[in-house]
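Peer 1: I would like to see how this sequence folds:
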Amino acid sequence: MAISLTSLLPAALRRPALAAVMGLGAAFGLAPTSAFAICNVDYVVQPGDNLFSIADKHYGDRNRWTLIYYRNQDKLAGPSAVPGRSLHIPCPPNEVEADATPLLKETADLKLLTGDHYEPFVGRNLPGQGMVTELVNAALELAPSPVSYAITWEDDWGKHYSMISGKETDMGFPWAKPDCEADPTNARCVNFHFTDPIVSVPMMFFSKVNGGMSYQTDADVLGKTICVPAGFYSGDLDSPERRWVRDSKITLVQPGGGAASCLHAVARGEADAALLNLFVGAETLLLEDLRDQVQPLEKPFSEIGLHVIISKTHWRGTSHLYRVNAGLKKLRESGRFDEIMARHLELFWGKLQ
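Peer 2: Residues are numbered from 1 along each chain as shown. Got it, this is the predicted structure:
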């Protein structure tokens with residue numbers, strides 16, 4: 001059952017009047033507090049359910065759908081709830097301090113690279129410097145044969161590829177992984193090894209309000225102009241089964257200026273839709289005051305995993321990959337992984353209210 005991403009998105013992304021009509025009291029701070037949540041229970045998905053109706057039922061707040069989504073990704077069909085499957089409903093987190101990071105040093109055996117302004121995943125001024133940063137830190141602290149590590153911040157994301165390829169740094173995060181089995185010639189597949197996915201993120205089209213574009217099947221996208229900001233992931237538009245760009249089935253525009261440039265292009269009618277991950281699109285709509293002009297389409301386009309990467313020519317590539325993956329496994333088994341992720345999701349959506 002396809003999830004309606006219009007109802008999925010927090011009420012803050014839509015016009016307050018529309019939120020009121022739809023009964024989304026969370027837009028006005030009227031949702032029940034977590035103290036009244038029906039949580040830490042298992043729930044069998046019923047016909048007609050989706051993650052947002054389930055969140056509304058258990059939390060009194062559709063905005064908290066991502067808590068269920070990330071806790072149950074192995075039981076979902078993409079971001080869709082399957083009738084008959086049992087989902088665990090976690091409790092909204094209380095504020096928890098970030099784990100201690102005694103192995104994090106200014107100079108260290110293992111150097112990692114990331115950049116700012118990619119909320120809620122990484123950001124200098126975020127708690128724990130972002131969800132993925134905190135998860136990577138915690139995983140490395142739990143890794144077998146632990147080593148000291150350092151994190152370098154380079155805010156020009158365009159430089160990261162060459163810095164990791166040239167081994168100016170050992171590893172980088174968070175990077176999307178193409179379908180390397182289907183397209184082994186993809187430059188990322190050719191040059192980098194990827195850890196297990198840290199988190200997966202829904203990708204969605206954002207189009208002009210009443211602009212006439214819909215997305216129910218791939219045929220709806222053919223002939224359209226799609227905007228993806230320069231440096232952002234666009235691989236699913238040109239996957240081997242689609243070949244939309246290579247075969248000129250769509251027009252791809254890639255302006256500089258980040259997500260805002262694409263959403264403004266949509267608002268001006270210069271592109272039919274922008275393809276962005278859920279979190280980037282959500283935050284940018286608010287920051288650019290485009291809620292009345294641009295909206296998400298109802299069906300998710302795809303999902304991407306965010307990974308730590310290392311050059312295939314790195315002499316310690318195998319050991320570093322094992323270290324991160326083993327640490328992530330221990331982190332998930334301890335339950336701390338879910339706590340970290342849930343806390344960052346709550347902080348992110350709370351900021352957008």
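Peer 1: which one's the longest helix in the chain?
Peer 2: helix 317-334 (DSSP state H).
Peer 1: now whichever helix or strand comes after it and helix 317-334, what's the angle there?
Peer 2: Sequence-wise, the next helix or strand downstream of helix 317-334 (DSSP states H and E) is helix 336-351. Per axes from the mean of the first three to the mean of the last three CA atoms, to 10 degrees, the angle that helix 336-351 makes with helix 317-334 is 80 degrees.
Peer 1: Following the helix or strand bottoming out on mean pLDDT in the chain in sequence, what is the next regular element?
Peer 2: Taking mean pLDDT, DSSP states H and E as the measure, the helix or strand of the chain with the lowest value is helix 16-21, at a mean of 28. Of the helices and strands lying after helix 16-21 in sequence (DSSP H and E), the nearest is strand 41-44.
Peer 1: May I have that following strand exported as PDB, CA atoms only?
Peer 2: These are the backbone C-alpha positions of strand 41-44, laid out as PDB (Å, rounded to 0.1, in the frame of the first residue of the first chain):
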ATOM      1  CA  VAL A  41       4.300  -2.500  22.100                       C
ATOM      2  CA  ASP A  42       3.900  -4.600  19.000                       C
ATOM      3  CA  TYR A  43       1.200  -3.700  16.500                       C
ATOM      4  CA  VAL A  44      -0.200  -5.800  13.700                       C
END
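Peer 1: Output the contacting helices and strands for it.
Peer 2: The contact analysis (3 or more CB pairs under 8 Å, 6 or more residues apart in numbering; DSSP states H and E) places strand 41-44 against helix 51-59, strand 86-89. Every C-beta, even on glycine, is put in place using the N, C-alpha and C of the backbone.
Peer 1: make it 6 Å
Peer 2: In this structure, strand 41-44 makes packing contacts with strand 86-89, judged by 3 or more CB pairs under 6 Å, 6 or more residues apart in numbering; DSSP states H and E.
Peer 1: what residues does the next helix or strand after the strand it packs on touch?
Peer 2: Following strand 86-89 in sequence order, the next helix or strand is strand 110-114 (DSSP H and E). With contacts defined as CB atoms under 6 Å, 6 or more residues apart in numbering, strand 110-114 is touched by 122, 147, 149-152, 160, 163, 169-173.
Peer 1: quick one: which of these is nearest to Trp244?
Peer 2: His160 (25.9 Å; CB to CB).
Peer 1: Pretty sure the closest one sits against Gly172.
Peer 2: Yes: counting by CB atoms under 6 Å, His160 touches Gly172, with 5.4 Å between them.
Peer 1: Can you pick out the residue with more neighbours from these two?
Peer 2: It is Gly172, of His160 and Gly172, that has more neighbours when counted by other CB atoms under 10 Å, with 25 against 20.
Peer 1: and the helix or strand the more buried one falls within, what other elements does it pack with?
Peer 2: Applying DSSP H and E as the criterion places Gly172 in strand 171-176. Other elements packing on strand 171-176 under the criterion 3+ CB pairs under 6 Å, 6+ apart are strand 110-114, helix 131-142, strand 302-311.
Peer 1: Turn the ones you listed into CSV, columns for mean neighbour count, distance to Phe194 and mean pLDDT.
Peer 2: Output for those, formatted as CSV (neighbours: other CB atoms under 10 Å; distance: least, CB to CB, whole Å; pLDDT from 0 to 100):
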stretch, mean neighbour count, distance to Phe194, mean pLDDT
strand 110-114, 23, 14, 96
helix 131-142, 24, 14, 94
strand 302-311, 22, 4, 93
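Peer 1: Just send those back as TSV, with distance to Met213 too.
Peer 2: Formatted as TSV, the helices and strands packed on strand 171-176 follow (distance: least, CB to CB, whole Å):
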stretch	distance to Met213
strand 110-114	34
helix 131-142	31
strand 302-311	17
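Peer 1: wait, which of these is closest to Ile68?
Peer 2: strand 302-311 (15.5 Å).
Peer 1: Pull the residues that contact that closest one.
Peer 2: 78, 164-165, 167, 171-177, 192-195, 197-203, 233, 236, 317, 320, 324.
Peer 1: again, 7 Å this time
Peer 2: 78, 121, 132, 136, 164-165, 167, 170-177, 191-195, 197-203, 233, 236, 277, 317, 320-321, 324 (CB atoms under 7 Å, 6 or more residues apart in numbering).
Peer 1: ok so, going back, could you check the angle the longest helix of the chain makes with strand 110-114?
Peer 2: Relative orientation of helix 317-334 and strand 110-114, computed by the same axes, to 10 degrees: 70 degrees.
Peer 1: How far does helix 317-334 sit from its chain's centre?
Peer 2: Helix 317-334 has its C-alpha centroid displaced from the chain centroid by 20 Å (CA atoms, centre = their mean, to the nearest Å).
Peer 1: Check which helices and strands that helix sits against.
Peer 2: helix 131-142, strand 302-311 (3 or more CB pairs under 7 Å, 6 or more residues apart in numbering; DSSP states H and E).
Peer 1: Now distance to Thr185 too, for the ones you listed, in CSV please.
Peer 2: What follows is these, written out as CSV (distance: least, CB to CB, whole Å):
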stretch, distance to Thr185
helix 131-142, 27
strand 302-311, 17
